[in-house]
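Chemist: The amino acid sequence is not available; the structure is as follows:
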């Protein structure tokens, strides 16, 4: 592989094993992911999708092999560098995990302040930018319970975008949504990917995979492999 192509790679696993509760979940992972790629991570419940995603932000350690994400070697990352790594990764949860005692804007402000932002004017500008990016520019004053499931998921995506991440990890982001709303969320994630942010989305929803094509990686029988739709 020439040097320019190597520079495009933001995730590279070589011979990686991943365990949970001392049980091997995935073995011999060899995968490379480039900036701006849109990747569907598919597989049955319990096949290792969440385990792989959690390994990318060092929630689950590498048992064997070498893993690099952005400029961090996961097999040897120091505890003090984990927070810096996580600031470069946006995470979209299936169950939203919004703070229910404050408005949408205050949810986003909480994350910015927790990651080192101090200037109120810059914070307000960034919140306005990400809300506009997800089509929620007029919802900053709303409480989470006043929003539909699709609107809450858009806020979660806005939250993931706050620190301009190079990668977004979306764990079953359409799992609690109706099909039409789910399609809108996947289209939004595709648009984000088209602007240069890599998106890795785990899903059971093969309809969205067909409607919004992307690279497909399958978790099956303890391994990860690239597949074509229908395999």
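Modeler: It's in. These figures come from a predicted structure and were not determined experimentally.
Chemist: So what touches the helix or strand hosting residue 109?
Modeler: Per DSSP states H and E: residue 109 is located in helix 104-114. Applying CB atoms under 8 Å, 6 or more residues apart in numbering, the contact partners of helix 104-114 are 98-99, 102, 123, 126-127, 130-131, 136, 139-144, 147, 155, 158-159, 162-163. To be clear about C-beta, it is placed using only N, CA and C from the backbone, and glycine gets the same treatment.
Chemist: Rounded mean pLDDT for it, please.
Modeler: Helix 104-114 carries an average pLDDT of 95.
Chemist: Buried residues, it. List them.
Modeler: Neighbour counts over helix 104-114 (16 or more other CB atoms under 10 Å) mark 104, 105, 107, 108, 109, 111, 112 as buried.
Chemist: what's the answer for stretch 95-106, then?
Modeler: Buried, per 16+ other CB under 10 Å, within stretch 95-106: 96, 98, 103, 104, 105.
Chemist: quick one, what contacts the first one?
Modeler: For residue 96, the contact set (CB under 8 Å, 6+ apart) comprises 144, 152, 153, 155, 156.
Chemist: ok, now how distant is the first one from residue 135?
Modeler: Counting by CB to CB, to the nearest Å, the separation of residue 144 from residue 135 is 17 Å.
Chemist: out of those two, which sits in the more crowded spot?
Modeler: residue 144 (18 against 13; other CB atoms under 10 Å).
Chemist: Is it correct that that one is in contact with residue 97?
Modeler: No - using CB atoms under 8 Å, residue 144 is not in contact with residue 97, being 10.0 Å away.
Chemist: where in the protein is pLDDT low?
Modeler: Counting by pLDDT under 70, the chain contains low-confidence residues at 1-7, 230-231.
Chemist: what about the strands in it?
Modeler: Using DSSP state E, the strands assigned to the chain run over residues 9-20, 23-34, 38-42, 62-69, 72-73, 89-92, 167-171, 198-202, 215-220, 223-227.
Chemist: In this structure, which residue is most central in space?
Modeler: With distances taken as CA atoms, centre = their mean, residue 169 lies nearest the centre of the chain, 1.0 Å away.
Chemist: so how far is residue 110 from that one?
Modeler: 20 Å.
Chemist: State which helix of this structure is the longest.
Modeler: Counting residues, the longest helix found in the chain (DSSP state H) is helix 179-194.
Chemist: Which strands or helices does it pack on?
Modeler: strand 38-42, helix 149-161, strand 167-171, strand 198-202, helix 206-211 (3 or more CB pairs under 8 Å, 6 or more residues apart in numbering; DSSP states H and E).
Chemist: And it, what's buried?
Modeler: Quick answer for helix 179-194 (16+ other CB under 10 Å): 181, 182, 183, 184, 185, 186, 188, 189, 190, 192, 193.
Chemist: contacting residues around that helix?
Modeler: 36-38, 92, 133-135, 148-150, 153-154, 157, 161, 168, 170, 173-174, 177, 199, 201, 205, 207-208, 211-212, 214.
Chemist: let's see 6 Å
Modeler: With CB atoms under 6 Å, 6 or more residues apart in numbering as the test, helix 179-194 has contacts from 38, 150, 153, 173, 174, 199, 208, 212.
Chemist: Among those residues, which pair sits farthest apart?
Modeler: 38 and 150 (19.8 Å; CB to CB).
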